[in-house]
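Trainee: here is my input; please provide its structure:
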Amino acid sequence: MYRTLLVPLDGSAFAEHALPLALGLARRAGAALKLVSVHVPLISLAADSIAPGTCEAEARMLAQERAYLDGIVSQLAALGTVPVTSALLEGAAVAELLAGQAATTNADLVVMTTHGRGPLSRLWLGSVADEMVRRATTPVLLVRPHEKDVDFAAEPQVRHILVPLDGSALAEQVLASASLLGGLTQAEFTLLRVYGPTIDVDPLGYAAQEGVEGADEQLRVRAQDYLQRVAERFSGQGCKVQTQAVAGQHPATAILDAAQNLAVSLIALETHGRRGLPRLLLGSVADKVIRGATVPVLVHRSPTK
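Mentor: All right, here's what the predicted structure looks like:
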């Protein structure tokens, strides 16, 4: 159950593209929205480093940022019955502050864009999205912004969710988060497993088994059998589920191709995979999926073992 959704904003129109989806999910769940921005100080507070006029400039920026948040709250509140509040934090460790805010407010989901750009943003949102995925214990829903103006009242439709799996129990932990989100929109699910002699059915990029006679067919059968077992458990929760085992040499490409071919609305990924080995999302195949996806990506991070 969603009770609170946290939406980081940096003052840019790009960052606001997370709001229609967050607002729609909050409305369906009967949840509240918490808008959060972080003011990054112009300089350190050391007295000998404060240039003339810096304090005044800092105060003007803070006032602008508070006014911006207040304006967004007013616009969203005028659209319906979703409770909307805001918080303006201060500090240089933006992702740490946002993750802390998500924890202290007991947020069930963080919804944010993959990057932002604007006069108040100071260009922090892109790198922060990367770090939030690695740091936050709360699931993160990443939305790719576009150049069009944001229509807060136009709720994106999430009707089909793609869930890549690698055969591990850890990777399957994303299913609970995917099911919770998909249940709000009555979405159908496709469970995907990428297989091949050079990747060993591993969409998150782990080591391969090579040189096995008849490996392709063996891996296809194993992949399909595994997906069927997971689908039976998943469909028992009332979800409409289909499966797809796909051969490929490049897992990220196969996942993105499947997302396009199936016209999915969202991809759900676990950031840790086989044998409990913690892998940083940056540099992994999962990171390539996030960067290459044209649809929102729900990311769940398993606790590090």
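
Trainee: and for residue 78, the neighbour number?
Mentor: 10 (other Cβ atoms under 10 Å). Any C-beta I mention is one placed from the backbone N, CA and C, and that applies to glycine too.

Trainee: please tell me how far it sits from residue 163.
Mentor: Separation of residue 78 from residue 163 (Cβ to Cβ, to the nearest Å): 36 Å.

Trainee: what's the answer for residue 253, then?
Mentor: For residue 253, the distance to residue 163 equals 17 Å [Cβ to Cβ].

Trainee: could you do residue 16 as well?
Mentor: 28 Å.

Trainee: swap in residue 237?
Mentor: 13 Å.

Trainee: so between these two, which is more surrounded?
Mentor: When residue 237 is set against residue 163 and neighbours are counted by other Cβ under 10 Å, the residue ahead is residue 163, at 29 against 11.

Trainee: just checking, residue 162 is part of a strand?
Mentor: Yes: under DSSP: H, G, I helix; E, B strand; the rest coil, residue 162 falls within a strand.

Trainee: residue 83: neighbour count?
Mentor: 13.

Trainee: what's near enough to touch it?
Mentor: 32-33 (Cβ atoms under 8 Å, 6 or more residues apart in numbering).

Trainee: pLDDT score for it?
Mentor: The per-residue pLDDT reported for residue 83 equals 96.

Trainee: please apply the same query to the one 3 residues further on.
Mentor: What the model reports for residue 86 is a pLDDT of 97.

Trainee: do residue 203 as well
Mentor: Reported pLDDT for residue 203: 47.

Trainee: same check on the one 3 residues further on?
Mentor: As summarised for this prediction, residue 206 has a pLDDT of 42.

Trainee: then the one 10 residues further on?
Mentor: Looking at residue 216, its pLDDT is 79.

Trainee: what's the spacing between it and residue 228?
Mentor: Using Cβ to Cβ, one gets 19 Å for the distance from residue 216 to residue 228.

Trainee: now swap in residue 158 and tell me
Mentor: Residue 158 is 25 Å from residue 228, by Cβ to Cβ.

Trainee: which residues of the protein fall in strands?
Mentor: Using DSSP state E, the strands of the chain run over 4-8, 32-39, 84-90, 109-113, 140-143, 160-164, 188-195, 240-247, 266-270, 297-300.

Trainee: how about those, which one is nearest residue 172?
Mentor: Across these, residue 172 has its closest neighbour in strand 266-270 (7.5 Å, Cβ to Cβ).

Trainee: could you give the separation of that closest one from the chain centroid?
Mentor: Between the centre of strand 266-270 and the centre of its chain there are 8 Å (Cα atoms, centre = their mean, to the nearest Å).

Trainee: again, but for stretch 65-76
Mentor: For stretch 65-76, the gap between its own C-alpha mean and the chain's C-alpha mean amounts to 23 Å (Cα atoms, centre = their mean).

Trainee: and stretch 169-187, by the same measure?
Mentor: Here stretch 169-187 is found 13 Å from its chain centre; the criterion is Cα atoms, centre = their mean.

Trainee: tally of neighbours for residue 233?
Mentor: Residue 233 is flanked by 12 other residues according to other Cβ under 10 Å.

Trainee: separation between it and residue 239?
Mentor: Note on residue 233: its distance to residue 239, by Cβ to Cβ, is 10 Å.

Trainee: what does residue 287 give?
Mentor: The gap separating residue 287 from residue 239 is 27 Å, by Cβ to Cβ.

Trainee: just residue 110 next, same as before
Mentor: Using Cβ to Cβ, residue 110 is found at 23 Å from residue 239.

Trainee: more neighbours, these two?
Mentor: Shown here are residue 110 and residue 239; by other Cβ under 10 Å, residue 110 has more neighbours (27 against 19).

Trainee: partners of that one in the sheet?
Mentor: residue 6, residue 140 (DSSP bridges).

Trainee: who touches it in this structure?
Mentor: 5-8, 98, 102, 132, 136, 138-141.

Trainee: could you redo the last one with a cut-off of 10 Å?
Mentor: Counting by Cβ atoms under 10 Å, 6 or more residues apart in numbering, residue 110 makes contact with 5-8, 18, 22, 34, 36, 98-99, 101-102, 129, 132-133, 136, 138-142, 299.

Trainee: now the lowest-mean-pLDDT helix or strand in the chain and strand 266-270, what's the angle there?
Mentor: None of the helices or strands of the chain scores lower by mean pLDDT, DSSP states H and E than helix 125-135, at a mean of 78. Taking axes from the mean of the first three to the mean of the last three Cα atoms, to 10 degrees, helix 125-135 and strand 266-270 form an angle of 50 degrees between their directions.
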